[in-house]
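Visitor: predicted structure and sequence below. I'll ask about it afterward.
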Amino acid sequence: MRYLTFALGKGRLAKQTLALLEQMGITCEEMKDRDSRKLIFVNEELRLKFFLAKGPDVPTYVEYGAADIGVVGKDTIMEEGRKVYEVLDLGFGKCRMCICGPAKAGDLLNHKELIRVATKYPNIAKDYFYNKKHQTVDIIKLNGSIELAPIVGLSEVIVDIVETGSTLRENGLTVLEEICPLSARMIVNQVSMKMENERIKKIITQLKQLL
């Protein structure tokens, strides 16, 4: 039996996924060693391998078959647009993708003005403004604190993930429109889904019973 390989988004997402898998009896003791320098962790008994990757890389590993199964945020799946099957909403890591800005910027959205939008998620922003709102905008990609953009006059609004909204409020910004709800999702390689259908379906079914 060949190994099934999991790619997990680093950080909180990986911790929560491993806790969930543990409830199903899928454990990987090696991953609990905080000092380990290993990149790939193996459960020989169940023929499973695990590795941690940066969130945006997870769909790439899965699309190209380096991982059979991946766990990553819905925002990353939408932004990366990789050819993978999204099979399960794991229900944790809940937040929203929103358009935010100072309250007065709401008028610019309503009147479909040509505005600048700063974001870490240019593809999601482009799709929403162009295909859903039919509003032409100038999208500026940033990597760091997106909230800064409207404050220093780089953009009128931002497209970003909102969890509690406290950072926005502290900086005099507000949610103007919600694009979509987000959470952690399980994705599967398209070939693996056919080749390892029984094993993968079993994992999905067991996870559904826990959720």
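Guide: Right, received. Where do you want to start?
Visitor: how far off centre is the helix or strand encompassing Gly70?
Guide: Element membership of Gly70 [criterion: DSSP states H and E] is strand 69-73. Centroid separation between strand 69-73 and its chain, computed with C-alpha atoms, centre = their mean, to the nearest Å, is 8 Å.
Visitor: what is the neighbour count of Leu39?
Guide: The number of residues packed near Leu39 is 8, by other C-beta atoms under 10 Å. Quick note: C-beta positions are derived from backbone N, CA and C, even for glycine.
Visitor: right, and it touches Phe51 too?
Guide: Yes - Leu39 is within contact range of Phe51, at 5.9 Å (criterion: C-beta atoms under 8 Å).
Visitor: tell me what the strand holding Gly70 is packed against?
Guide: If you count contacts as 3 or more C-beta pairs under 8 Å, 6 or more residues apart in numbering; DSSP states H and E, strand 69-73 packs onto strand 4-9, helix 12-23, helix 58-63, strand 184-188.
Visitor: spatially nearest residue to Lys54 (excluding sequence neighbours)?
Guide: Lys10 (6.2 Å; C-beta to C-beta, 6 or more residues apart in numbering).
Visitor: ok, that neighbour to Thr76 distance?
Guide: Going from Lys10 to Thr76 by C-beta to C-beta, to the nearest Å gives 12 Å.
Visitor: now do the shared contacts for the two.
Guide: Gly55 (C-beta atoms under 8 Å, 6 or more residues apart in numbering).
Visitor: show me the strands in this structure, by range?
Guide: 4-9, 40-43, 48-53, 69-73, 85-89, 95-101, 115-119, 137-141, 157-162, 174-182, 184-188 (DSSP state E).
Visitor: contacts made by the longest one with the rest, please.
Guide: What it means is strand 174-182. Residues contacting strand 174-182 (C-beta under 8 Å, 6+ apart): 73-75, 78, 93-103, 105-106, 109, 124, 128, 157, 159, 161-162, 165, 168.
Visitor: now swap in the first one and tell me
Guide: Contacts of strand 4-9 with the rest of the structure, by C-beta under 8 Å, 6+ apart, involve 14, 17-18, 47-55, 57-58, 61-62, 66-73, 76, 184, 192, 196, 199-200.
Visitor: mind running it again at 7 Å?
Guide: Residues outside strand 4-9 that contact it (C-beta atoms under 7 Å, 6 or more residues apart in numbering): 14, 17, 47-53, 55, 58, 61-62, 67-73, 196, 199.
Visitor: domains for this protein, by residue range?
Guide: 4-93+183-210, 95-181 (automatic domain parsing).
Visitor: distance-wise, check the residue nearest to Thr60 when sequence neighbours are not counted relative to Asn110.
Guide: If the residues on either side of it in the chain are set aside, Thr60 comes closest to Arg82, at 6.2 Å by C-beta to C-beta, 6+ apart. Relative to Asn110, Arg82 is positioned 34 Å away (C-beta to C-beta).
Visitor: quick one: mean pLDDT over stretch 178-194.
Guide: In this model, stretch 178-194 has an average pLDDT of 97.
Visitor: what residues are up against the one residue sitting closest to the centre of the chain?
Guide: Central residue of the chain (C-alpha atoms, centre = their mean): Gly73, 2.0 Å from the mean position. Taking C-beta under 7 Å, 6+ apart as the criterion, Gly73 is in contact with 9, 13, 55, 93, 182, 184.
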